[in-house]
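Visitor: Sequence and predicted structure below; questions after.
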Amino acid sequence: MKHIFWAIQTAIIYCLTLAAALLPASIAYRLGALAGLLIPHIVPKRRAVIIENINLSLPFMKSHQLWDSKCEDAGELARETFKNLGRSLMEICRLYHGRGEDVIANMEIRGRENYEAARAKGKGLIFLSGHCGNWELMSLTLSSLFGREVSGVARRQDNPYLNRMVEQMRSRYNSRLIYKQGALKGILSALKKREMVGMLADQAVFPEDGYLVDVIGRKAWTSKAPVIIARKSGVPLIPVFIHREEERHVLTFYPEHLFSGDMSDEGIKKETQALSRYVENYVVAHPTQWYWVHRRWKRAGAAI
């Protein structure tokens, strides 16, 4: 019975996403924003999480030099965040069904020379980012843009039919998934072959998997994996982020992050903090384009 349910669920999702993909781009953009506004009504607990996260982060963000938002309170920021999530969802539907080439074609690329400089070293490459902007679009664009396979680290779907469908849809963009279970081996293997791997390192981890560092004014458990993998593999690590400007996207490559030679526990913690600053700066600069829905600071209170 479980497999029957999974098959029906996948068929429904396929049909709904196809219907969204067939809409003209301008209509899909506006409809996406409206759909995003329905999210807090469908899952009201998620809105409560966003409001709490933003309220506790606002004092820090407003005092930061990169703060330039027109939204003044948590309610307004949450509303714009949901609208962006809705727009991103519609774009992903179009991309997955092979109708989003215009989204990629209209994207502005900044800092491409930083990518070229790192790639010129003749090694693999780690792209460091977070759940910022339309991060799925960013993942597919990186693969499509350079004509080289980029592997992203993700959780395997419980529904195997849905998982297979997503894999097939992503494959048209030369994009591959490395699943979290046993991910370290897959990542190191890809980097050894001089391939490129994308890592989203902005979600809460268990204490044994990271360090308690400053994140937007509060302590949060942050993964140490990007630091350890970059140091162990010896490949360049480049922060890369995507943000929305009206109806287009901007993809920005930052200079390669240069690690210190300190591989002590304290040294790795300092580097974990340094990498976390890239995401923090993004959130302050684009506060409605980060995934505030996640409980980023969970488990941190008891450890402080």
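Guide: Nice, thanks for sending it over.
Visitor: Figure out how far stretch 263-271 is from the centre of its chain.
Guide: 24 Å (Cα atoms, centre = their mean, to the nearest Å).
Visitor: next one: stretch 110-123
Guide: So, by Cα atoms, centre = their mean, the centroid of stretch 110-123 is 21 Å from its chain's centroid.
Visitor: Where do the helices of the chain begin and end?
Guide: For the chain, helices defined by DSSP state H occupy the ranges 2-21, 25-42, 44-62, 74-96, 101-105, 112-119, 135-146, 160-171, 183-192, 225-233, 265-285.
Visitor: wait, which of the ones you listed is closest to residue 255?
Guide: Within the helices of the chain, the stretch nearest residue 255 is helix 112-119; the backing value is 4.9 Å (Cβ to Cβ). In short, each C-beta sits where N, CA and C put it, glycine included.
Visitor: Just the CA coordinates for that closest one, please, in PDB.
Guide: Extracted in PDB, the C-alpha atoms of helix 112-119 (Å, rounded to 0.1, in the frame of the first residue of the first chain):
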ATOM      1  CA  ARG A 112      33.100  35.200 -12.700                       C
ATOM      2  CA  GLU A 113      36.800  35.900 -12.600                       C
ATOM      3  CA  ASN A 114      36.900  34.400  -9.000                       C
ATOM      4  CA  TYR A 115      35.600  31.200 -10.400                       C
ATOM      5  CA  GLU A 116      38.000  31.200 -13.300                       C
ATOM      6  CA  ALA A 117      41.000  31.900 -10.900                       C
ATOM      7  CA  ALA A 118      40.100  28.900  -8.700                       C
ATOM      8  CA  ARG A 119      39.400  26.600 -11.600                       C
END
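Visitor: residues making contact with that helix?
Guide: For helix 112-119, the surrounding residues in contact (Cβ atoms under 8 Å, 6 or more residues apart in numbering) are 125, 146, 236, 238, 240, 253-256.
Visitor: and what of stretch 249-259?
Guide: For stretch 249-259, contacts defined as Cβ under 8 Å, 6+ apart pick out 103, 106-112, 114-115, 117-118, 128, 133-134, 137-138, 141, 227, 230-231, 236-244, 271, 274-275, 278.
Visitor: can you check stretch 45-65 too?
Guide: 39-40, 67, 69, 73-75, 77-78, 81-82, 216-218, 283-284, 287, 292-297.
Visitor: Can you give me the pLDDT of residue 232?
Guide: On the pLDDT scale, residue 232 is placed at 89.
Visitor: now swap in the one 5 residues further on and tell me
Guide: Here the pLDDT value assigned to residue 237 is 97.
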